[in-house]
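Undergrad: sequence and predicted structure, then a few things I'm wondering about:
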Amino acid sequence: MNILLSILSYSFCSATMLIINKALMGFLPPAQLATLQFLFAGIIVSLLGKLNLIKLTPLEKANVIPYAKYAGIFLFAVYSNMKTLQSSNVDTVIVFRSSTPIVVCLADTLLMGRVAPSLRSKVAMGCMGLGAFLYVLTDAAFKLGKILWLCGNVFGG
């Protein structure tokens, strides 16, 4: 039950943020919107730390450097998501996002030598891929060029 609640909560939060971001992009460019969100998150985390509601690790060189690459990649991913959302509808972004585990699994297996997924995982990813394919076939507003900005930047095109 906890797993199902976690999945539903994450899905609700993710979809809600997409809708809110899409609405706010009428007022702010993607980079400014993302900057405000990161700033707000930083303020909240700092405040929770000062109130001793969470334990914060001190910002020291030994702690910051290992996470700098991750933070840069995360910032690029958020910006790319915002740019894609700016030129596409929310449905397209959700379908595109739900297809990313397939790419990650393939990359892990082919490029990093990880163990191939189980049959159950393959069936689940096949269902996700089929769902994305059916969405593309049935959505009149879907334009492949709208998400190619993201793919082009991810793969260096």
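TA: Nice, I can see it.

Undergrad: counting by contacts, list what the helix or strand containing residue 83 packs against.
TA: Assessed by DSSP states H and E, residue 83 sits inside helix 61-87. Judged by 3 or more C-beta pairs under 8 Å, 6 or more residues apart in numbering; DSSP states H and E, the packing partners of helix 61-87 are helix 2-24, helix 30-50, helix 90-112, helix 144-154. C-beta here means a position set from N, CA and C on the backbone, and glycine is covered the same way.

Undergrad: okay, those helices in JSON lines with distance to residue 82 next?
TA: Formatted as JSON lines, the helices and strands packed on helix 61-87 follow (distance: least, C-beta to C-beta, whole Å):
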{"stretch": "helix 2-24", "distance to residue 82": "7"}
{"stretch": "helix 30-50", "distance to residue 82": "3"}
{"stretch": "helix 90-112", "distance to residue 82": "10"}
{"stretch": "helix 144-154", "distance to residue 82": "10"}
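
Undergrad: residue 75: which of these is closest?
TA: Between residue 75 and these, the tightest spacing by C-beta to C-beta is seen for helix 30-50, at 7.6 Å.

Undergrad: pull out the buried residues from the helix holding residue 83.
TA: By 16 or more other C-beta atoms under 10 Å, the buried positions in helix 61-87 come out as 78-87.

Undergrad: what does stretch 87-102 give?
TA: Across stretch 87-102, burial judged by 16+ other C-beta under 10 Å covers 87-89, 92-96, 99, 102.
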